[in-house]
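Engineer: My questions are about this predicted structure, shown below with the sequence.
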Amino acid sequence: MDSSMSSLNSDKRHGKGLNVFNAAIFVAGEMAGSGILALPKAVVDCGWIGLVLVIVFCLNAGYGGTRLGRCWAILEERYPEYRGSSRNPYATIAYRAVGKWGSLLVSTCIQFTLFGAAVVYLLLAAQIVQDIFRYIVPGFGYCTWFLFFALMIIPPMWLGTPKDFSFAGIGALLTTAISCVLIFAQIVIDGINKVELPIHKAHTPMEFFLAFGVILFAYGGASTFPTIQNDMIEREKFSKSVVIGFTVILCLYLPVAFGGYVVYGDIVNANILLSLSRGILVSTANILMAVHLLLAFFIIINPVCQEIEEIFDVPQEFCVKRCVIRTLMVFLMIVVGETIPKFGMILALVGGSTITLTTFVLPQFFYMRLCDQKSIEWPERTIPLHHRVYMWELIFIGLAGGSAATYSAVMAIFGNNSLTKPCYWPK
């Protein structure tokens, strides 16, 4: 057993894969993006405690990411078949921890999360394009741009899975990082030129929990963490990648969130770009963010496409069946986006439901279940009491806060006094 394990590990270590730094780039690149644009408004709606939540959620989500890394290390330790590559590592962790129901739950959460994020990216792209071309084609509204953008991405959707996402991960992170620097610079300029102090009024519990869900969404990359770890040369060092990635994310999020709260107050837009004074900095930030959305969209939506094609037994080579299924998927995105045109609602719904489960609840639960499993063939694992207490606190807080955020989002979308109307609704 020991010699076999050594041979397998040696083969894996000499193969191609991500190093610690590359994996950290993917961790940060998966999260940085749409969340940063909505974060200032979410912080304002939460009040000053929103700034605290940005930091606390970063620490908690990072801790959950390290637990997922430990979970996969346990699986490799116990089951030789997992020391190679795996297409669905998170679902595999769930299966070994709690059984088939856990695997199905994780798969469903991941698909819902990625589909919702893809719709948000289309909505944000439409809003950015509308803002850039508002004087050139003033008759094109937000909903029209969304429809146009969705139809334009149908042909590229027919292409197969990209063989290497390194360029997309690096490009997505760099464009977002530079955009964040430009956004913060413009916020500082606006703050210097501002005469009146910002207004901070009291917000309703529904507004608070909607914002709560948006902040949760900003740290919703855990569903892809096991996949990133699975592509690493030294998988046991994934925790280092998580620490580096979340440090980068916090350095990007906190200045923009703090600046939006201090400078604009309650007048801040759900998309921070629309609150900034117009100029070269904002125009450049818009273009960079549009590039980011383009790169990140195809990364995010591809696993959803692959899962659906697996269900319908679609051949891996290019075919009409693949084109039909992916086109129908885009039409479904159009229906969702035109029905819920304010992306903040989708952020709150996804953030409060599936992201809360996959980032704050399930990693801790699965880790404790795996450590509590016993076998004479497995090394014994124990969890210090204070770690176990902390993990149960994360689970209960995540369930309570996520449920409230999900309820608020559902009521805002479907309630009688809905905060948003579909694009096709009579004016």
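Structural biologist: Sure, I can see it. Numbers count the residues shown, from 1 in each chain.
Engineer: Could you use CA atoms for every contact and neighbour count after this?
Structural biologist: Noted.
Engineer: Helix, strand, or coil at the closest residue in space to Trp101 that isn't next to it in sequence?
Structural biologist: Nearest non-adjacent residue to Trp101, counting by CA to CA, 6 or more residues apart in numbering: Tyr95, 7.5 Å away. With DSSP: H, G, I helix; E, B strand; the rest coil as the basis, Tyr95 sits in helix.
Engineer: Tyr95 against Gly102, yeah?
Structural biologist: Yes: between Tyr95 and Gly102 a contact is recorded at 5.8 Å, counting by CA atoms under 8 Å.
Engineer: for this protein, what are the low-confidence residue spans?
Structural biologist: 1-17, 33-34, 86-87, 159-169, 195, 316, 341-344, 415-427 (pLDDT under 70).
Engineer: Distance-wise, check the most centrally placed residue in it relative to Ala28.
Structural biologist: By CA atoms, centre = their mean, the chain has its centre lying nearest to Gly220, at 3.6 Å. Using CA to CA, to the nearest Å, Gly220 is found at 11 Å from Ala28.
Engineer: same question, Phe318
Structural biologist: From Phe318 to Ala28 the distance is 32 Å (CA to CA).
Engineer: what about these two, which has more around it?
Structural biologist: The neighbour count for Phe318 versus Ala28, taken as other CA atoms under 10 Å, is higher for Ala28 (29 against 12).
Engineer: Looks like the more buried one contacts Gly245 (just checking).
Structural biologist: Yes: between Ala28 and Gly245 there is a contact at 4.7 Å, judged by CA under 8 Å.
Engineer: and the residue lying closest to Thr354 once chain neighbours are set aside, backbone torsions?
Structural biologist: What sits nearest to Thr354 in space, not counting adjacent residues and going by CA to CA, 6+ apart, is Cys109, at 5.0 Å. Per-residue torsions, Cys109: phi -60, psi -40 (degrees, to the nearest 10).
Engineer: Who are the contact partners of Cys109?
Structural biologist: Neighbour list for Cys109: 354-355, 357-358 [criterion: CA atoms under 8 Å, 6 or more residues apart in numbering].
Engineer: In helices, which of these appear?
Structural biologist: With DSSP state H as the criterion, helices contain none of these.
Engineer: Can you check my assumption that Ala270 lies in a strand?
Structural biologist: No: when classified by three-state DSSP, Ala270 is found to be coil rather than part of a strand.
Engineer: neighbours around it, how many?
Structural biologist: Summarising burial for Ala270: neighbours were counted as other CA under 10 Å, giving 17.
Engineer: Report the separation between it and Leu151.
Structural biologist: Taking CA to CA, one finds Ala270 at 25 Å from Leu151.
Engineer: Over to Leu182?
Structural biologist: Using CA to CA, Leu182 is found at 30 Å from Leu151.
Engineer: between these two, who's got more neighbours?
Structural biologist: The neighbour count for Leu182 versus Leu151, taken as other CA under 10 Å, is higher for Leu182 (20 against 14).
Engineer: Helices of the stretch 301-427 of the chain, start to end?
Structural biologist: Secondary structure of the stretch 301-427 of the chain (DSSP state H, counting those that start in this stretch): helices at 320-339, 343-350, 362-372, 385-414.
Engineer: and the ones you listed, which is most packed in?
Structural biologist: Highest mean neighbour count among the helices of the stretch 301-427 of the chain (mean count of other CA atoms under 10 Å): helix 343-350, with a mean of 27.
Engineer: tell me the angle of that helix relative to helix 320-339?
Structural biologist: For helix 343-350 against helix 320-339, the angle by axes from the mean of the first three to the mean of the last three CA atoms, to 10 degrees is 110 degrees.
Engineer: Show me the contact partners of helix 343-350.
Structural biologist: With CA under 8 Å, 6+ apart as the test, helix 343-350 has contacts from 38, 112-113, 116-117, 120, 123-124, 210-214, 216-217, 270, 340, 405-406, 409-410, 412-413.
Engineer: chain center to it, what's the gap?
Structural biologist: Computed by CA atoms, centre = their mean, to the nearest Å, the chain-centroid distance of helix 343-350 equals 12 Å.
Engineer: now the angle from that helix to helix 385-414?
Structural biologist: With the same axes, to 10 degrees as the basis, helix 343-350 and helix 385-414 are set at 140 degrees to each other.
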